[in-house]
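[1] Fold the following.
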Amino acid sequence: MAKYGTNRETSSPIIKIAQKLKSKNALTTLFNLSRWLRQQKYLDLRDKKAEYQKLFRQRNAEQIIQNGEFLGCSDYALAAMAILKALNIPCWIVQVISKDWLLDKKTKIIGHVLVEVR
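    Predicted coordinates:
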């Protein structure tokens, strides 16, 4: 299985989606991407811990996009970043973690992952 988040080269499926979402206006392209992400299937595995752990942060952007099932913010962010990079739009992943989790790591990770675009 590919290392989480790695895509050394932009793959053909990612390029195809990127070209469909591309607009002459960068802001319109971002809106198109946002709409596309909202249309993807959210896979709710909160009650299936073993299945969730097999997928969470174990897939790269191409695998997430080809599978068509997104577990949460990290999957959406990886897919968005791969598509934006295919369009040469500068961006990076931002991971935010709760201070409470940092102080007491006995609970599940509390945080959020998003993409910042420049």
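[2] Now do the worst-scoring helix or strand of the chain on mean pLDDT: distance to the chain's middle.
    In the chain, the helix or strand scored least confidently by mean pLDDT, DSSP states H and E is helix 49-55, which has a mean of 77. Distance, stretch centre to chain centre, for helix 49-55: 17 Å (Cα atoms, centre = their mean, to the nearest Å).
[3] Which neighbouring elements make contact with it?
    The criterion is 3 or more Cβ pairs under 8 Å, 6 or more residues apart in numbering; DSSP states H and E, and there are no helices or strands that helix 49-55 contacts. The way it works is simple: take the backbone N, C-alpha and C, and place the C-beta from them, glycine included.
[4] got the buried residues for the helix or strand following it?
    Using DSSP states H and E, the next helix or strand after helix 49-55 towards the C-terminus is helix 61-67. Neighbour counts using 16 or more other Cβ atoms under 10 Å place 61-65 of helix 61-67 among the buried residues.
[5] I'd like to know which elements helix 61-67 is packed against.
    helix 12-21, helix 73-86.
[6] Point out the most buried one among those helices.
    A comparison of the helices and strands packed on helix 61-67 by mean neighbour count, using mean count of other Cβ atoms under 10 Å, puts helix 73-86 on top with a mean of 22.
[7] how far out from the middle of the chain is it?
    Distance, centroid of helix 73-86 to centroid of chain: 4 Å (Cα atoms, centre = their mean).
[8] Check which helices and strands that helix is in contact with.
    Packed next to helix 73-86, using 3+ Cβ pairs under 8 Å, 6+ apart, are helix 12-21, helix 26-39, helix 61-67, strand 91-97, strand 111-117.
[9] Next, the angle from that helix to helix 12-21.
    70 degrees (axes from the mean of the first three to the mean of the last three Cα atoms, to 10 degrees).
[10] can I get the helices and strands packed on helix 61-67 in JSON lines with distance to Trp92?
    Listed next are those as JSON lines, based on distance: least, Cβ to Cβ, whole Å:
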{"stretch": "helix 12-21", "distance to Trp92": "17"}
{"stretch": "helix 73-86", "distance to Trp92": "7"}
